[in-house]
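Trainee: Provided below for reference: sequence and predicted model.
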Amino acid sequence: MHLQFPGPWSPLLGRLTLNAIPYTNPILQGTFVGAAVIALLVVGSVLYFKKVGYFWREWLTSVDHKKIGVMYIVIGLVMLFRGFVDGLMMRTQQVMANGPHASGVLGSMHGFLPPYHFDQVYSAHGTIMILFAATPILTGFQNIVVPLQIGARDMAFPYMNALSLWLTTAGAVLVMISLFVGDFSAAGWVGLIPLTELPYSPGVGVDYWMWAIQISSIGTTLNAINMIVTIVKMRAPGMTWFRLPIFSWTTLSTNIIGLTAFPVLGVALALLGADRYLGTHFFTAGMGGNLMLYTNLFWIWGHPEVYFLILPVFGILSEVVPTFCEKPLFGYVTMVAATFAIAGVSWLVWLHHFFTMGAGPDINGFFSIATMLVGIPTGVKVFNWAFTMYRARITYTVPMMWAMFGLFLLLAGGLTGMMLAIPAVNYTVHDSVFVIAHFHCMVLLVVAAAFAGVTYWFPKLFGFKLSEAWGKVFFWLFSSGTVVVFAAMFALGFQGETRRLDWTYNTAWMPMLLVEEFGMLLYCLSLAAFAIMLVVSIRDRAKNRAGADPWGTSRTLEWLTPSPVPFYNFAMTPQVNTRDELAWRRKHGLENAKPDHYEAIHMPSNSGLPVIIGGLSAVWGFAMIWRIWWLAAISILAIIVCVIIRSFDKNEGYHLQPGEIEAMERDLATGMITSEQPDRSHNNAIHAEAH
Amino acid sequence: MAHQAAPGANTRLFHPGYEGHSQISARTLGFWLYMLSDALLFTALFAAYAVLDTPMNAAGGPIASQIVNPVEGFWQTIIILASVTSYSLATVAMKNGNRSGTMLGIVVALVLGAAFVAFGFNDLASLAAQGNGMDRSGYLSAYFVLILTHALHMIFGALWMLVMLVQIPRYGFNEMVVARLLNLRMFWQFQATVWVCVYIYVYMIGA
Amino acid sequence: MRLKSYLALLPVLALGACSSGDYRLFHPANLIAAQEWHATIVDTVVMLLIILPVLFMIALFAWRYRKGANAAHDPEWSHNTLLELLVWGVPFLVVAALGIYSIKTIYAVEPYNPGLFQKQVAADPQSVVNVDVIATDWQWVFVYPDQKIATIDDLVVPKGSVVKLHLTSTSVSNDIYVPQLLPMIAVMPGMRTIDTFDTPDVGSYTGFGADFSGAGFSWMQFATKIVTPAQFQDWVQKVASSPNELSYAAFQKVAQPQVNMGAKISYFSNPDPQLFHKVIAAAQAGVVYPVSDALTKSIASDEK
């Protein structure tokens, strides 16, 4: 039984026909050629340098939390680039399509994107930036840093960690495939209801959006479980709760949010899926459906999701600021309390996303107050960072500059957020670009912290620092681009421009639209600076070789390990004596102390199953999108079989012997890079014995 | 943290012989957390059901009191509770190291679980046959999807039991098998708890 | 004007090198918009009272304690009970003040029954003008049940009245908005929402759909005019003389998905008196006006 939808369907290919491939669209032709060239270059060089085995062994099948974290961040940065190009297209379209007399090119009446494309671009921009850029980047940092910060060898469930990564990747892959096969959703990243219902979105776009999010959010939920268990169960001896670094605290709180919020999103999307695939009436306007039910469920996830993103960002700032202030964080306990206060209140504010729904003043009043309450702990955090700078000795390295810019964005976002929290103000700007500018202050705070984190932790993972000079060029271009674009966008909000316009009908907006476009130019330049920074840093890596603590003023345990961190993290588990353990050891001249002997370390074996399950999930999603039922059935069965196979896998890892550790530690001390794992996961494996 | 202790003679910087956490306790906590997320999934479904459980959302179709049968639901409740009891007895046998007793308990739990699911599907099928399928109204959509989601969880649990029926004779009660059996017990009891909520909210209050 | 004196406080203005006339929200045209603009300013001022000193403090510390400045360095200082109480207390006071203010203003501008107009409506119930608004894909249908006329994309109301809009949609959700005049409110199929505004002065404005409703969304403007009561009567006469009647069947044609580029105005006489309720009932009964992919692809493009 399946629902009537317009268009042909065949048992073999479902809804998929040759027409689904937009080979006539010049923009997509160009994109396809570009993507194909990059893919050929990557695959070609891997083949040419005979690195297939290396990639499979060291990356694709890795269960090492650091490598998984790096892959999360790489995926996030690739998607950030894709999302940026979408943003650039939107800004350019709005400038080109201004006023009734704006001309059009490439078959469009105004500008270069007809609504059919523009609406997909803006929907993809939001979906990608929130779920496939910001989320993976922050998850990547948590993966890399948290086990090191708490003195652990790995995550609690290394295999499940790899599975989470590959499920997220499967979602990202589906979003990318939608570029070249079929369409993406044209109903906003929030899935505006009932626009997402079959009569109004008969194509496969909404299905791409829905399944991509659904699959990747299963990965996010599993990752949340993993993070919480890691922090609760795997802290090194002496790492009491009130010695836990703030980034680990924020990771804990953010994953409690993730664990409890993502199932609600899963339900909202599944019920929408039931409407689209089974003909139910959950969110239809008629036949007893309730469309506000979707909006409520979506934002019951959606608002906690905002804090899911922002809390780890506060964590990154709380690591970077004290390091470069050469001082402990001011008000550690209040910082932890504020973190959990924000996490708690995040559940009580969702309705402020639709103050204009027509709810009575009592309901709006409740959510207005609840929303404002978030301002209190957030204010506390700003004060704490400010007082950390009091009597400090501040070094303006690239991470610190990003952190300062982040503070500025937080204040701008906070100012405008408090305005939006007042329904009387909200009524005039609710769907205007003022709101867009407000939440871009917040998400660009995420980006700023992400770049702070990238620069800050890069030497820990790769053993050399990124170029400071080019890092600063990148910083200034990017941050001025941000200020220009979003200051102009606030102004446009006051000029009454609303969201999601393909054609900007009011010519009075032109000056500010041009200013925005100029800001986009700065962003483009910053992209070039970023690329140059990477190239220059890799070229000069021998010169910028980093020791265990390349910044010289770091405070937490991850900087106790050699750079790059060996795959076993700590040669011997450290004993934690105080908060900011490394700063304490440095003060007493103990930062270079080595253990007097080594002991065997138990390591998990690599596994190919997570990447296979991720691939099968992508196939399953694709089959569901195009309604190729046989393929969907086969891939879901294959996934179940893989899970069962895993439960019969008796390989419980292997032991690294003290002699090997000693040799590797010696090599690391002399600057030789030993981040590669010896390939012995199979021949030397321990086998569980049946009792 | 105004005053941090200075290192003394007893200060340790490393912890030799540190065993780390126990795998079992980490897995148990992880599984509890998974169940928390599952509980939220059902909470959201219950919320959707509560919102759509009005005469208006029935859109001219049947309302709760016209389709639910508390007596039949009562027998379903008895079956699922019997299944949980049988599984619990299996874990008692496991503690005594009794493999065949454990497997017998699981088989009984599995059969009763299958009977429960069959009952549920039969109900839904006869409703659909009367023209009151899930596409009839918002209310029926919520009813069907709530029952089906629970049934899917039961099927997943049954599949898990089948796997354990292979693993117990093959590996005996080793650490991983015992951990899986105990997690499965939590899972199975949790599904029964969800059903009791369904029974009270949908069948008893609805009727 | 008092409002004008507030303007200088807005740093946003510094960006607006062009005339502030384009900043429509700075120039509210009626009581309700003025109240909302007033709330914006109050909130901004209160927030700046805390944000500006914090910014100043951060800038001061950032400069004074930079490495190499040889300022005092206290590498251990990280706790001060009084300060920590203060950092919780100050934001709390700000939030408390703004919270009370927020609740007060909600009742004043509550779209269904704004406190601002309750006296006027009680004193002169005749000053209320009811308009039923139906959003379609992608036009606005305005039905005047008391005047027995209807228009497409033309909202004309008499000066000195309180206009009550009853809103619904045939197909998907939208949001109605006239900057300077009418606050936003959601417009949803199968449901009715209400939005209210007053008309102190004559003038012309542009209203539009503010929440994305599909491919024709960018073209969903409508003319909004406040005219003198006499002009309003003339206008009603003119519309009532239209030969086109808006029966439910005629409405169903109007409601077929179509883009009205340039927001061309149409007039109808004798709308079905139950039209608004029939539209809601139809949506509840599952009537939809599907938008095909072919239509979506053809809007403002030569793609077929």
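Mentor: Yep, it's here. Residues are numbered from 1 along each chain as shown, chains lettered A, B, ... in the order given.
Trainee: Now do residue A:577 against chain C, distance only.
Mentor: The gap separating residue A:577 from chain C is 16 Å, by Cβ to the nearest Cβ, to the nearest Å. Every C-beta, even on glycine, is put in place using the N, C-alpha and C of the backbone.
Trainee: Could you tell me which residues make contact with that residue?
Mentor: A:238, A:584, B:5, B:7, B:11-13 (Cβ atoms under 8 Å, 6 or more residues apart in numbering or on different chains).
Trainee: how about the strands in chain B?
Mentor: Counting by DSSP state E, chain B has no strands at all.
Trainee: May I ask which helix or strand of it has the lowest mean pLDDT?
Mentor: None of the helices or strands of chain B scores lower by mean pLDDT, DSSP states H and E than helix B:64-67, at a mean of 92.
Trainee: Whichever of the contacts of residue A:577 end up buried, select them in PyMOL.
Mentor: To isolate the buried members of the contacts of residue A:577 in PyMOL, using 16 or more other Cβ atoms under 10 Å in any protein chain shown:
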select buried, (chain A and resi 238+584) or (chain B and resi 7+13)
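Trainee: Nearest to residue A:286, out of the contacts of residue A:577: which one, please.
Mentor: Nearest to residue A:286, judged by Cβ to Cβ, of the contacts of residue A:577 is residue A:238 at 62.7 Å.
Trainee: Tell me how many other residues surround the nearest residue to the closest one once chain neighbours are set aside.
Mentor: Leaving out its chain neighbours, the residue that sits closest to residue A:238 by Cβ to Cβ, 6 or more residues apart in numbering or on different chains is residue A:576, at 3.4 Å. Using other Cβ atoms under 10 Å in any protein chain shown, residue A:576 has 22 neighbouring residues.
Trainee: cool, residue B:172 as well?
Mentor: Using other Cβ under 10 Å: residue B:172 sits among 14 other residues.
Trainee: Show me where chain C dips below the pLDDT cut-off.
Mentor: Scanning chain C for pLDDT under 70 picks out C:1-20, C:303-304.
Trainee: do the same with chain A
Mentor: Counting by pLDDT under 70, chain A contains low-confidence ranges at A:1-3, A:671-691.
Trainee: swap in chain B?
Mentor: For chain B, the ranges with pLDDT under 70 are B:1-4.
Trainee: report the longest helix in it, please.
Mentor: helix B:138-171 (DSSP state H).
Trainee: any idea whether the residue in chain C sticking out farthest from the centre is helix, strand or coil?
Mentor: Computed with Cα atoms, centre = their mean, the residue of chain C farthest from its C-alpha average is residue C:70, at 54.7 Å. Taking DSSP: H, G, I helix; E, B strand; the rest coil as the rule, one finds residue C:70 in the coil state.
Trainee: Equivalent analysis for residue C:141, please.
Mentor: strand.
Trainee: my guess is it contacts residue C:252, does it?
Mentor: No. Between residue C:141 and residue C:252 there is no contact under Cβ atoms under 8 Å: 11.5 Å.
Trainee: quick one, which of these two is more surrounded?
Mentor: Higher neighbour count among residue C:141 and residue C:252: residue C:141, with 25 against 16, using other Cβ under 10 Å.
Trainee: and the more buried one, how far is that from chain B?
Mentor: In terms of Cβ to the nearest Cβ, residue C:141 sits 25 Å off from chain B.
Trainee: if we look at the sheet, which residues does the closest residue to that residue other than its chain neighbours bridge to?
Mentor: Leaving aside its sequence neighbours, residue C:141 sits nearest to residue C:134 (Cβ to Cβ, 6+ apart; 4.3 Å). Note on residue C:134: beta-bridge partners by DSSP bridges are residue C:141, residue C:168.
Trainee: count of neighbours near residue C:134?
Mentor: 25.
Trainee: check contacts around it.
Mentor: C:140-141, C:143, C:167-170, C:251, C:255, C:275-276, C:279.
Trainee: ok, now residue A:430?
Mentor: With Cβ under 8 Å, 6+ apart, residue A:430 has these contacts: A:355-356, C:175, C:184, C:210.
Trainee: Mind telling me what element the residue positioned nearest the centre of chain A is part of?
Mentor: Among the residues of chain A, the one closest to the centroid is residue A:135, at 2.1 Å (Cα atoms, centre = their mean). Per DSSP states H and E, residue A:135 falls inside helix A:135-149.
Trainee: Give the other helices and strands that that helix contacts.
Mentor: The contact analysis (3 or more Cβ pairs under 8 Å, 6 or more residues apart in numbering or on different chains; DSSP states H and E) places helix A:135-149 against helix A:65-96, helix A:158-180, helix A:205-233, helix A:246-278, helix A:291-325, helix A:433-462.
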